[in-house]
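Chemist: sequence and predicted structure below; questions after.
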Amino acid sequence: MTKYEGTIILRETGRENTVEELQSLITAEIESSGGKAGEFNSDGLKEFSRVANRKNPNGYYLEVGFESGPNNTGELKKRLLKIKDIFRVLIIKQD
């Protein structure tokens, strides 16, 4: 298993789920892809430096450490982006 750090930006405008509910959904997706989720760290609400869409000028940032197989991260990212309340996903391999 390889260690990764995921940065997940949640939509603030029109979000249907709470942050806690989304953390549960993210954990379930990580575990269903054969990984093991760690703790979540919240960076809170931040304004985007470059606003691509005026309807989404800011986002709620979450960070999660997790372990997964090296071939599972691409599919995990696609599955996370299918959750309506998630705006962006960045997964970085840790050294």
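Modeler: Perfect, I can see it now.

Chemist: what is the subsequent helix or strand relative to the helix ranked longest in the chain?
Modeler: Criterion DSSP state H: the longest helix present in the chain is helix 19-32. Counting by DSSP states H and E, the next helix or strand C-terminal to helix 19-32 is strand 36-47.

Chemist: quick one: list the elements packing against that next one.
Modeler: Strand 36-47 is packed against helix 19-32, strand 58-68, with contacts defined by 3 or more Cβ pairs under 8 Å, 6 or more residues apart in numbering; DSSP states H and E. To be clear about C-beta, it is placed using only N, CA and C from the backbone, and glycine gets the same treatment.

Chemist: got the contact list for the residue of the chain most remote from its centre?
Modeler: Farthest-out residue of the chain from its mean C-alpha position, per Cα atoms, centre = their mean: Arg54, at 21.3 Å. If you count contacts by Cβ atoms under 8 Å, 6 or more residues apart in numbering, Arg54 has none.

Chemist: helix, strand or coil: sort out it for me.
Modeler: Following DSSP: H, G, I helix; E, B strand; the rest coil, Arg54 is assigned to coil.
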